[in-house]
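Engineer: Need a 3D model of the sequence below.
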Amino acid sequence: MSNSYWRTERLIVDAVDRRILQKPDVWDGVASVFSDPDLVVLTVICIVALLFSLAVTLMVPGFAEATEALQQFL
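Structural biologist: Residues are numbered from 1 along each chain as shown. Okay, the predicted model is just below:
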């Protein structure tokens, strides 16, 4: 190997930001879980489905009786 390779390698190691080398905190893990885009989309879908089912339950007359009859078949 040539000396230029070792110099380049040394420069790359020195150029690393020191914040990257810090040990992650517990709150960093919590924040990364709650800021995950997949979790946010899944939460929004679940809330919309819950609100939709609540709206159908309140708007359709006799919905409770229909679900009770359906549960008897299952």
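Engineer: Spatially, what comes nearest to the residue nearest to the spatial centre of the chain if we skip its sequence neighbours?
Structural biologist: Nearest residue to the geometric centre of the chain (C-alpha atoms, centre = their mean): Leu39, 2.4 Å. Once flanking residues are discounted, Leu39 sits nearest to Val33: 6.9 Å by C-beta to C-beta, 6 or more residues apart in numbering. For every residue, glycine as well, the C-beta is placed using N, CA and C.
Engineer: Look up how far Val26 lies from the one you found.
Structural biologist: 11 Å (C-beta to C-beta, to the nearest Å).
Engineer: Tell me if I'm right that Val56 and Phe63 touch.
Structural biologist: Yes: proximity of Val56 to Phe63 meets the contact threshold set by C-beta atoms under 8 Å, at 6.8 Å.
Engineer: Looking only at neighbour counts, state which of the two leads.
Structural biologist: The neighbour comparison of Val56 against Phe63 (other C-beta atoms under 10 Å) goes to Phe63, with 13 against 10.
Engineer: Gln71 versus the more buried one, what's the distance?
Structural biologist: In terms of C-beta to C-beta, Phe63 sits 13 Å off from Gln71.
Engineer: if we can go back for a sec, quickly find the element holding the residue nearest to Leu39.
Structural biologist: helix 26-34 (DSSP states H and E).
Engineer: Quick check: next helix or strand after that helix?
Structural biologist: Per DSSP H and E, helix 26-34 leads on to helix 37-59 as the next helix or strand towards the C-terminus.
Engineer: got the angle for that following helix vs helix 26-34?
Structural biologist: 60 degrees (axes from the mean of the first three to the mean of the last three C-alpha atoms, to 10 degrees).
Engineer: Identify the residue nearest Ala66 in space, chain neighbours excluded?
Structural biologist: Nearest non-adjacent residue to Ala66, counting by C-beta to C-beta, 6+ apart: Val60, 7.9 Å away.
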